[in-house]
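J.: Quick one, structure for this:
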Amino acid sequence: MGAVSVSFLGRCSAAAVVTIPLAITSVLGFAPVVRAQGAITDEAVDDAIRQAVRWIKEQRKPEGHWELSNTGTDDRWAGTTALALLALLYAGEDPRADLMSDSLTWLAAQKLSGTYVVGTRAHVLALVPGRKYTAELKGDLQWLLDTVYQRGSDCPGCYTYHPQPKDVKSGSWDNSNSQFGVLGVWMAAEAGLEVPAWYWEIVAEHWITCQTKEGGWGYRQNDAPTGSMTAAGLAALFVALDQRYADRPQEAGGLISAINAGLTWLAHNYSADNPGGEAQWRYYYLYGVERAGRASGRKYFRDKDWFREGAGRDDRYNYLYAQDELEDWVQRIKDLGRKSSKVFVIMNNHYQGQAVANALQIRNLLTGEKLEIPHLLLKRFPVLEDIVKRLQSGQMDLFKKDGKP
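T.: Numbering: from 1, shown residues only. Below you'll find the model as predicted:
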């Protein structure tokens, strides 16, 4: 018997939502409000996100982008737009809404030439449900696979600002570009695209090789370790561990040792101000910390609570799929059904019950049958009106008392 699990896109922690908008403010020249230190509550996080979303939308240009110039000739072109959309998606903005849809379409159409922006755009497109941007995401993934330094070069597994010929043996590189390259490939893999095993192997080799004797990472080989680059190294190694060695941990001894050394360095030196690095990169550093936390699933780095109170866990799965998005999944389920005797669809639920509503819609799409739907669920999700089986005369709804809601 074959069993297949289909997992639906979830929303990531609010830490990403908070740190990405702050990174954008430094790009666009906005001075964020500095709040007094104190307990971080869900309400405070939600308020910060609402303010950031409002401000980001206000900076959008009439053409549908956030670029500071109108020239698309340098390797940073479309980068600010990619960051803005990334923040808005993590904040829960609907990619089908006019503002989001128009800007996503603009971003997907741009010709890009730099690692930072290609990696970030891949991250953005990977978060959009459905297949609307699959072709563009595949293109960005291939770009990142083609431009990473290959085996046989002086630094396999790393990136620089611009594409390098595949047969190049040496050249400039840095761990910042390398981080964004890996993050883009990772999110493409999370979206279901295939990444070859050799890629994760050389990524792991690179970050292990350039780790400092203190256990952290610097911007380049032999540079002193900083918080931002150590967070980048940890995120890259956790991703490589999960993508390549999850089923063969016996082959990952050196990788796991490097992770442990990096965790020790970060825990010993942890602060909110990019330890060992320049203060101007604080929000870049915090974004890297969030990515490392996301990749590892850790709330703590050793004894350091990197984002107090868990920050917004309820936003993770707060999303209701539209009919056209569900039709994409139904087609995949049918394709799998032709290859397996049983197919299991696992849906991550939110406390508001979106997964229950979407599960009923999928069942209707698969069987064509109308369904009995509890009154309270129907009231919460009117979209289910199209698939509900009407009660026959004299039939009682178990979710009503004496035939009344």
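J.: my read: A357 touches P382, true?
T.: No. With contact defined as C-beta atoms under 8 Å, A357 does not count as touching P382 (10.0 Å). From N, CA and C alone the C-beta is placed, and that goes for glycine too.
J.: And the strands in this protein?
T.: For the chain, the strands defined by DSSP state E occupy 5-7, 300-301, 304-305, 344-346.
J.: Next one: L360 from R96, what distance?
T.: 20 Å (C-beta to C-beta, to the nearest Å).
J.: These two: which has the busier surroundings?
T.: L360 (21 against 15; other C-beta atoms under 10 Å).
J.: need the contact list for that one.
T.: Applying C-beta atoms under 8 Å, 6 or more residues apart in numbering, we find L360 in contact with 371, 373, 384, 387.
J.: Using PyMOL, make a named selection holding only the buried ones among those.
T.: Selection of buried members from the contacts of L360 for PyMOL, criterion 16 or more other C-beta atoms under 10 Å:
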select buried, resi 373+384+387
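J.: Make CSV out of the contacts of L360 and add distance to Y159 and pLDDT.
T.: Listed next are the contacts of L360 as CSV, based on distance: C-beta to C-beta, whole Å; pLDDT from 0 to 100:
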residue, distance to Y159, pLDDT
L371, 50, 89
I373, 50, 88
L384, 47, 90
I387, 48, 90
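J.: between the contacts of L360, which is nearest L88?
T.: L384 (27.7 Å; C-beta to C-beta).
J.: The closest one touches V356, doesn't it?
T.: No. Counting by C-beta under 8 Å, L384 does not reach V356; the two are 9.7 Å apart.
J.: Are there residues contacting both of these two? Which ones?
T.: L377.
J.: that older thread, just give me the closest of the contacts of L360 to G293.
T.: Nearest to G293 among these: L384, at 36.1 Å, using C-beta to C-beta.
J.: From D174, how far out is the closest one?
T.: 51 Å.
J.: per-stretch mean pLDDT over the strands of the chain, give me the minimum one.
T.: Lowest mean pLDDT within those: strand 5-7, a mean of 32.
J.: which one of A357 and P382 has more residues nearby?
T.: The neighbour comparison of A357 against P382 (other C-beta under 10 Å) goes to A357, with 20 against 8.
J.: That one and K370, how far apart?
T.: Applying C-beta to C-beta to A357 and K370 gives a distance of 15 Å.
J.: Could you list the buried residues of stretch 194-212?
T.: Neighbour counts over stretch 194-212 (16+ other C-beta under 10 Å) mark 195, 199-208, 210-212 as buried.
J.: And stretch 266-274, by the same measure?
T.: Neighbour counts over stretch 266-274 (16+ other C-beta under 10 Å) mark 266, 269-270, 274 as buried.
J.: go on, stretch 284-304?
T.: Within stretch 284-304, the residues scored as buried using 16+ other C-beta under 10 Å are 284-296, 299, 301, 304.
J.: Would you mind extracting the C-alpha trace of it into CSV?
T.: Extracted in CSV, the C-alpha atoms of stretch 284-304 (Å, rounded to 0.1, in the frame of the first residue of the first chain):
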residue,chain,number,x,y,z
TYR,A,284,20.0,42.2,8.6
TYR,A,285,21.4,40.2,11.5
LEU,A,286,18.0,39.8,13.2
TYR,A,287,16.6,38.5,10.0
GLY,A,288,19.4,36.0,9.8
VAL,A,289,18.7,34.9,13.4
GLU,A,290,15.0,34.4,12.5
ARG,A,291,16.0,32.3,9.5
ALA,A,292,18.3,30.2,11.7
GLY,A,293,15.5,29.7,14.2
ARG,A,294,13.1,28.8,11.4
ALA,A,295,15.6,26.3,9.8
SER,A,296,16.4,24.6,13.1
GLY,A,297,12.9,24.8,14.7
ARG,A,298,14.7,26.2,17.8
LYS,A,299,13.2,28.8,20.1
TYR,A,300,16.5,28.9,22.1
PHE,A,301,20.1,29.0,21.0
ARG,A,302,21.5,27.1,24.0
ASP,A,303,20.0,29.2,26.8
LYS,A,304,19.2,32.3,24.8
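J.: How far off centre is it?
T.: Distance of stretch 284-304 from the chain centroid (C-alpha atoms, centre = their mean, to the nearest Å) equals 14 Å.
J.: just for this protein, where's the confidence low?
T.: By pLDDT under 70, the weakly predicted segments of the chain are 1-40, 70, 72, 299-318, 350-351, 390-405.
J.: where do the helices sit along it?
T.: Secondary structure of the chain (DSSP state H): helices at 14-28, 42-58, 79-90, 98-109, 115-127, 134-147, 175-190, 197-209, 227-244, 253-269, 282-296, 323-337, 354-367, 375-380.
J.: possible to save these as TSV with distance to S69?
T.: Below are the helices of the chain laid out as TSV (distance: least, C-beta to C-beta, whole Å):
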stretch	distance to S69
helix 14-28	12
helix 42-58	18
helix 79-90	10
helix 98-109	15
helix 115-127	14
helix 134-147	22
helix 175-190	21
helix 197-209	33
helix 227-244	26
helix 253-269	37
helix 282-296	21
helix 323-337	35
helix 354-367	40
helix 375-380	46
